[in-house]
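1. Here is the input, now give the coordinates:
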Amino acid sequence: MRNFGLSIREKSIVCIGFMGVGKTTVGKLLAQKLYRNFVDIDAEIEKEFAMPIPQIFEHYGEQVFRAKEKELIEKYSQQPLNIISVGGGAFLQKEIQDICMNNCIVLFLDISWESWKDRIHILTDNRPLLKGRSLEDIKSLFLERQNSYSLNHSKFQIDNFKAEEAADYLADALKLSWEIHAPQPK
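-> As a prediction, this is how the structure comes out:
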């Protein structure tokens, strides 16, 4: 389903990137700065199942989780003026890539392996895909997913930015882009 009726300024923005890169933190701040609604797909899934994601994976399996994820991304991506944070694995699905690329502005929050590795200690407890994996396995997963994230409308290297700085920079860049691409009066 394609959302042809929205101008670039009205389209929702989808934040993609590896787990723990800051999609939710930066996304919330960006939503405030652009006066938009913030939607965290993982939080919406947890609300629907009334349990945390690790328990959803354990009780229902990844396939059920991914189906709900796709349903919610499709719903919110067709609405105007959202900032949508999607889980690190969502954008691996071709259907979700197509939905997001056709309906939204896809913003890839990129991070180097070295910078991400410094965050691992705060991520391992609540990320099902990191449980029991070696650092080498996680690095392979990180590098493997970079290919999927390369499909985007805009890429932002987040390594040297605090969340607030990143949101400020992105808000300014988006506003400038909207001015440049605004339809000119005839």
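2. gap between the longest helix seen in the chain and the chain center?
-> Criterion DSSP state H: the longest helix present in the chain is helix 163-181. How far helix 163-181 lies from its chain's middle: 17 Å, per CA atoms, centre = their mean, to the nearest Å.
3. Only the C-alpha atoms, please, for it, written as PDB.
-> The C-alpha coordinates for helix 163-181 follow below in PDB (Å, rounded to 0.1, in the frame of the first residue of the first chain):
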ATOM      1  CA  ALA A 163      21.000  11.900  21.800                       C
ATOM      2  CA  GLU A 164      19.900  15.500  22.200                       C
ATOM      3  CA  GLU A 165      22.600  16.700  19.800                       C
ATOM      4  CA  ALA A 166      21.600  14.100  17.300                       C
ATOM      5  CA  ALA A 167      17.900  15.100  17.500                       C
ATOM      6  CA  ASP A 168      18.800  18.800  17.100                       C
ATOM      7  CA  TYR A 169      20.900  18.100  14.100                       C
ATOM      8  CA  LEU A 170      18.300  15.800  12.500                       C
ATOM      9  CA  ALA A 171      15.500  18.300  13.100                       C
ATOM     10  CA  ASP A 172      17.500  21.100  11.500                       C
ATOM     11  CA  ALA A 173      18.500  18.900   8.600                       C
ATOM     12  CA  LEU A 174      14.900  17.800   8.000                       C
ATOM     13  CA  LYS A 175      13.500  21.300   8.200                       C
ATOM     14  CA  LEU A 176      16.100  22.500   5.700                       C
ATOM     15  CA  SER A 177      15.300  19.600   3.300                       C
ATOM     16  CA  TRP A 178      11.600  20.400   3.500                       C
ATOM     17  CA  GLU A 179      12.300  24.000   2.600                       C
ATOM     18  CA  ILE A 180      14.400  23.000  -0.300                       C
ATOM     19  CA  HIS A 181      11.800  20.500  -1.600                       C
END
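4. Can you tell me what sits against that helix?
-> With contacts defined as CB atoms under 8 Å, 6 or more residues apart in numbering, helix 163-181 is touched by 8-9, 13, 22, 25-26, 29-30, 32-34, 105, 107, 109, 154, 156, 158, 161. C-beta: built from backbone N, CA, C; applies to glycine.
5. for that helix, which positions count as buried?
-> Judged by neighbour count (16 or more other CB atoms under 10 Å), helix 163-181 contains these buried residues: 163, 166-167, 170-171, 174.
6. ditto for stretch 46-60
-> 49, 53, 56.
7. swap in stretch 135-154?
-> Within stretch 135-154, the residues that qualify as buried are 138, 141-142, 145, 148-149, 152-153, counting by 16+ other CB under 10 Å.
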